[in-house]
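K.L.:
fold the stuff below for me.
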Amino acid sequence: MLKKYSGGFTAEHLYRNEMKTIVHLQLQGLSKEEIKKKVFEGNLLHCRSEAAIKDLFPRVYRRAEVLDQQLKFFLIHGARSDQNALLLYAFLKRFTFPRDFVLEVIHYNMKKFKSTVTEGNIRTFFEEKEQQYEQVRNWTDKTKYKLKQVMLKIIVDAELLEKNGNEYEIKPIPLSRELRDYIERNSAYRDLLILTLNE
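P.N.:
Residues are numbered from 1 along each chain as shown. Now for the predicted structure:
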């Protein structure tokens, strides 16, 4: 069964403030329609135009839906590193291509006791995916460049990687004891430990 890779994350970000805004309203028990109304009326996502809100709201909302009530609580009230882990997790659960990059390059390197990701590692990942998947072969060079930039920026913003010259240093995201305990009791979220290099 071949995966479906989408290149549709070229405009994505970590959405730290936007996610907190939406999740805060969800924790108040508001429905999606009520949240949407508040967001549009108060421009709570700080967009320049209504068209921009229309574009951004569903993207952020879909990501927020990845987290259950307890994880949403951690996103609002947890330490920055817990927030980073949850924001990155919500992004990676929505987009298969960067998730596979984290698993097949970052996670793999760490397991092999390599503490960095090189430009060569990144290039090899893209080349292997091109060989395996026609849709990746059909991406233009411009799209591939943009996807690489966006993917790396989000992972760096979540502090799983740190740019160091031409390489990226791998930094497992530290989790609070409370968040780790919760995940260990809820096997549906075990992959959060793997994706943040905590297992």
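
K.L.:
CA atoms for contacts and neighbours, from now on please.
P.N.:
Noted.

K.L.:
ok, which stretches of the chain are helices?
P.N.:
Ranges of helices in the chain, per DSSP state H, are 16-27, 32-42, 50-64, 69-77, 80-94, 96-101, 108-111, 119-132, 134-137, 141-157, 177-185, 190-195.

K.L.:
and Leu197, what does it touch?
P.N.:
Counting by C-alpha atoms under 8 Å, 6 or more residues apart in numbering, Leu197 touches 107, 172-173.

K.L.:
confidence score at it?
P.N.:
Looking at Leu197, its pLDDT stands at 97.

K.L.:
circling back to that earlier point, most tightly surrounded among the helices of the chain?
P.N.:
Of all the helices of the chain, helix 80-94 carries the top mean neighbour count, a mean of 22, counting by mean count of other C-alpha atoms under 10 Å.

K.L.:
taking helix 16-27 as reference, get the angle to that helix.
P.N.:
On the basis of axes from the mean of the first three to the mean of the last three C-alpha atoms, to 10 degrees, helix 80-94 is oriented at 80 degrees to helix 16-27.

K.L.:
and helix 80-94, what does it pack against?
P.N.:
Secondary-structure packing of helix 80-94 (3 or more C-alpha pairs under 8 Å, 6 or more residues apart in numbering; DSSP states H and E): helix 50-64, helix 69-77, helix 96-101, helix 190-195.

K.L.:
can you rerun that using 7 Å?
P.N.:
helix 50-64, helix 69-77 (3 or more C-alpha pairs under 7 Å, 6 or more residues apart in numbering; DSSP states H and E).

K.L.:
report the angle between the last one and helix 177-185.
P.N.:
So the one you mean is helix 69-77. Going by the same axes, to 10 degrees, helix 69-77 makes 160 degrees with helix 177-185.

K.L.:
what bits of the protein have low per-residue confidence?
P.N.:
Within the chain, the ranges that satisfy pLDDT under 70 run 1-2.

K.L.:
and if we set it to 90?
P.N.:
1-8, 10-11, 199 (pLDDT under 90).

K.L.:
as a quick check, tell me the outermost residue of it.
P.N.:
Farthest-out residue of the chain from its mean C-alpha position, per C-alpha atoms, centre = their mean: Glu41, at 27.4 Å.

K.L.:
re the thing from before, rebuild the helices of the chain as JSON lines, extending it with distance to Tyr5.
P.N.:
JSON lines is the format used below for the helices of the chain (distance: least, C-alpha to C-alpha, whole Å):
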{"stretch": "helix 16-27", "distance to Tyr5": "24"}
{"stretch": "helix 32-42", "distance to Tyr5": "28"}
{"stretch": "helix 50-64", "distance to Tyr5": "17"}
{"stretch": "helix 69-77", "distance to Tyr5": "27"}
{"stretch": "helix 80-94", "distance to Tyr5": "11"}
{"stretch": "helix 96-101", "distance to Tyr5": "6"}
{"stretch": "helix 108-111", "distance to Tyr5": "20"}
{"stretch": "helix 119-132", "distance to Tyr5": "9"}
{"stretch": "helix 134-137", "distance to Tyr5": "7"}
{"stretch": "helix 141-157", "distance to Tyr5": "12"}
{"stretch": "helix 177-185", "distance to Tyr5": "27"}
{"stretch": "helix 190-195", "distance to Tyr5": "18"}
